[in-house]
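In: I'll drop the sequence and a predicted model, then ask my questions.
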Amino acid sequence: MLISHVHVKVKSNYVEAFKQATLENARNSVQEPGIARFDVIQSTEDQTSFILVEAYRTTEAQINHKKTSHFKEWVQTVEEMMDAPRRALKYSNVFPDAQDWG
């Protein structure tokens, strides 16, 4: 299991548009067989701060995700909305075991 936390800082006038575009991407992403989870979370203290929590079953699944039309469309759509470049941190799960992710 490969887990990415993608940190995104959005310009304040784009928060709602970013959420709409990101939710559309997330809805499509969870349909991919290699994705176990795709969470979109927003800070309660700073409404312009988001983290996308992406759990991939394999490294190949992450590579394939970046080739999808919905991901490419998301990147193109939200690029101007970001206050800074997005930053991804990579993790591997310790618990629960990958089999518990369905």
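Out: Perfect, I can see it now. Residues are numbered from 1 along each chain as shown.

In: surely Glu24 touches His70?
Out: Yes - in terms of C-beta atoms under 8 Å, Glu24 counts as a neighbour of His70; the distance is 7.2 Å. For every residue, glycine as well, the C-beta is placed using N, CA and C.

In: roughly how far does Gln85 sit from Gly34?
Out: Just so we're on the same page, residue 85 is Pro rather than Gln. 25 Å (C-beta to C-beta, to the nearest Å).

In: neighbour count: the two, which is higher?
Out: Each of Pro85 and Gly34 has its neighbours counted (other C-beta atoms under 10 Å); Gly34 has more, 17 against 9.

In: pop out the phi and psi values for the more buried one.
Out: Backbone torsions of Gly34, given as degrees, to the nearest 10, read phi -90, psi 0.

In: which element, helix or strand, includes the residue nearest the centre of the chain?
Out: Against the mean C-alpha coordinate of the chain, by C-alpha atoms, centre = their mean, the closest residue is Leu52 at 3.6 Å. Using DSSP states H and E, Leu52 falls within strand 49-56.
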